[in-house]
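Student: structure, please.
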Amino acid sequence: MEAVRGGAAGSMVIELFGKRIIWRDFRPGGFAEYMVKDLGMGVDVVEENEEGRVAVLPGAALCKQLFSGMVANGDGKLGGQGLITVIERLNGK
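Tutor: So this is what the prediction gives:
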């Protein structure tokens, strides 16, 4: 935490959830399965602006995939900070 707190990686999210991730405290403020639903609505709904261009949301699509991984692993009732479990699984831990 101290290594990133003062640099570009420091953020309110790190301040709020960093220690919970380190301590593996995945109690939810909101469920991962709700994130899948909400991100899905954002990714699946394509809105065009007045110039006919489509909004592309690759970050939202990636987040939806990662949160879907949590749900598939049986962790859908954990909080968003539990996303680290998907990253760990992807890295063989």
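
Student: avg pLDDT for the longest helix seen in the chain?
Tutor: Of all segments of type helix in the chain, defined using DSSP state H, the longest is helix 58-72. Regarding helix 58-72, the rounded mean pLDDT is 93.

Student: which parts of that helix are buried?
Tutor: Ala60, Cys63, Lys64, Leu66, Phe67, Ser68, Gly69, Met70, Val71 (16 or more other CB atoms under 10 Å). C-beta: built from backbone N, CA, C; applies to glycine.

Student: can you tell me how far the residue nearest to the spatial centre of the chain is from Gly69?
Tutor: Centroid check for the chain by CA atoms, centre = their mean gives Cys63 as the closest residue, at 5.0 Å. Cys63 sits 11 Å away from Gly69, going by CB to CB, to the nearest Å.

Student: where does the nearest residue to Leu57 once chain neighbours are set aside fall, secondary structure wise?
Tutor: Leaving out its chain neighbours, the residue that sits closest to Leu57 by CB to CB, 6 or more residues apart in numbering is Val43, at 5.9 Å. Using DSSP states H and E, Val43 sits within helix 32-44.
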